[in-house]
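Colleague: test case, fold it:
(one chain, ligands or ions: 1)
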Amino acid sequence: VKYPEIDAVIGPQYVNRFGEFIPLILDGYRLVMTDPSYQNEDSTLPIRKSGLSAFVNVIYGCNERCTYCVVPNTRGVEQSRTIEAIVNEIEGLVDLGYKEVTLLGQNIDSWGR
Ligand code: SF4
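Modeller: As a prediction, the model looks like this:
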């Protein structure tokens, strides 16, 4: 082991699952989770206070690498959420009385191309 003081190296695709890794690390496992692409539905829900309008992510990450931007390094490469996950989140918002949803994504292409 080259760096025994390091317990885990976790890339941006796994940040939302960090809570799952803590027990493993405490049990002595050493983790390297750095896949550049990993379909990972957010396990955390945004804090929403409006009650009327909400933002819903449709993709995570970005492939563009503009020189001034941290997103590709903090959120990883582009990964689309599944349509089912997006629809489920929006249906949940409708059930809560939300009237307006804005879809968020760095790059959104038309489907079916
Ligand atoms: S998130 Fe926007 S600004 Fe940042 S690298 Fe992607 S396209 Fe560029």
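Colleague: show me what contacts residue 78?
Modeller: Taking Cβ atoms under 8 Å, 6 or more residues apart in numbering as the definition of contact, the neighbours of residue 78 are 59-63, 106-107. (C-beta placed from N, C-alpha, C; glycine too.)
Colleague: filter those residues down to the buried ones.
Modeller: Buried members of the contacts of residue 78, scored by 16 or more other Cβ atoms under 10 Å, are 59-62, 106.
Colleague: residue 62 reaches residue 74, doesn't it?
Modeller: No - with contact defined as Cβ atoms under 8 Å, residue 62 does not count as touching residue 74 (9.8 Å).
Colleague: so which elements touch the top helix by length along the chain?
Modeller: The longest helix of the chain (DSSP state H) is helix 83-95. Helix 83-95 sits against strand 53-57, strand 100-104, with contacts defined as 3 or more Cβ pairs under 8 Å, 6 or more residues apart in numbering; DSSP states H and E.
Colleague: just list the residues touching residue 11, thanks.
Modeller: Listed by Cβ under 8 Å, 6+ apart, the contact set of residue 11 reads 33-36, 76.
Colleague: again with residue 8
Modeller: By Cβ under 8 Å, 6+ apart, residue 8 lies in contact with 21, 25, 30-33.
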